[in-house]
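S.K.: what's the 3D shape of this:
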Amino acid sequence: MGHKHSSLDEILAEDMHHWYNKFMKESPSGLITLFELKCILGLQGMNKDASSYVDQIFYTFDMDGDGYIDFVEYIAAVSLLLKGEINQKLKWYFKLFDQDGNGKIDKDELETIFTAIQDITRKYDIVPEDIVSLIFEKIDVSGEGELTLQEFIEGAKGHPEIMKMLKKMMDLTPVLVIIVEGRRNMIKSK
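M.R.: Model (predicted):
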């Protein structure tokens, strides 16, 4: 496909038939395993944190928990990330950040995810420690060192600078471009 996409809207604007053909080309069985997702994105040989992040994304997208991402889950996840309402996106972010599944996110979980995102996207313009400190300084008003879903959503929505940083950190354009253009091994081993 040689053209470049300048925005997420353009990526999603491609017709559903085209998305389906791309999905089926990469996974003729109609199901993507975790290993296949890493292959599609050219993410073999990542560090432990980046690998854990991809695992977490996979299990978040695998909405029925069957160990596969099917086309409906794939399109639902992409649509949510690109077109979802802010509450939906924040709920998805929270689920992704809550690595241990205890219903709360702490500084270590956030820092691990943000560092892993940077390792995958190769965009290092925001220091993970800085955004984590800002989030907890502004949102964790009780000072517990953990955020519940409600605290996270209300706090993020109440602080435009946090929303701006979250949107920037969670921008999956590079990942979607890899999928759309069918490129493999974009991220090379060091």
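
S.K.: Could you use CA atoms for every contact and neighbour count after this?
M.R.: Will do.

S.K.: How many neighbouring residues does the nearest residue to residue 27 once chain neighbours are set aside have?
M.R.: Closest residue to residue 27 apart from its sequence neighbours, by CA to CA, 6 or more residues apart in numbering: residue 36 at 7.9 Å. Using other CA atoms under 10 Å, residue 36 has 15 neighbouring residues.

S.K.: mind listing the strands for this protein?
M.R.: With strands called from DSSP state E, the chain shows them at 31-32, 69-70, 104-106, 146-148.

S.K.: Quick check: which of these is buried the most?
M.R.: A comparison of the strands of the chain by mean neighbour count, using mean count of other CA atoms under 10 Å, puts strand 69-70 on top with a mean of 23.

S.K.: How far off centre is that one?
M.R.: Distance, stretch centre to chain centre, for strand 69-70: 16 Å (CA atoms, centre = their mean, to the nearest Å).

S.K.: Can you give the contact residues for it?
M.R.: When contacts are defined by CA atoms under 8 Å, 6 or more residues apart in numbering, strand 69-70 is touched by residues 30, 31, 32, 33, 58, 61, 62, 63.

S.K.: Let's have those residues in CSV, adding pLDDT.
M.R.: Formatted as CSV, these follow (pLDDT from 0 to 100):
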residue, pLDDT
30, 83
31, 88
32, 85
33, 87
58, 82
61, 80
62, 84
63, 80
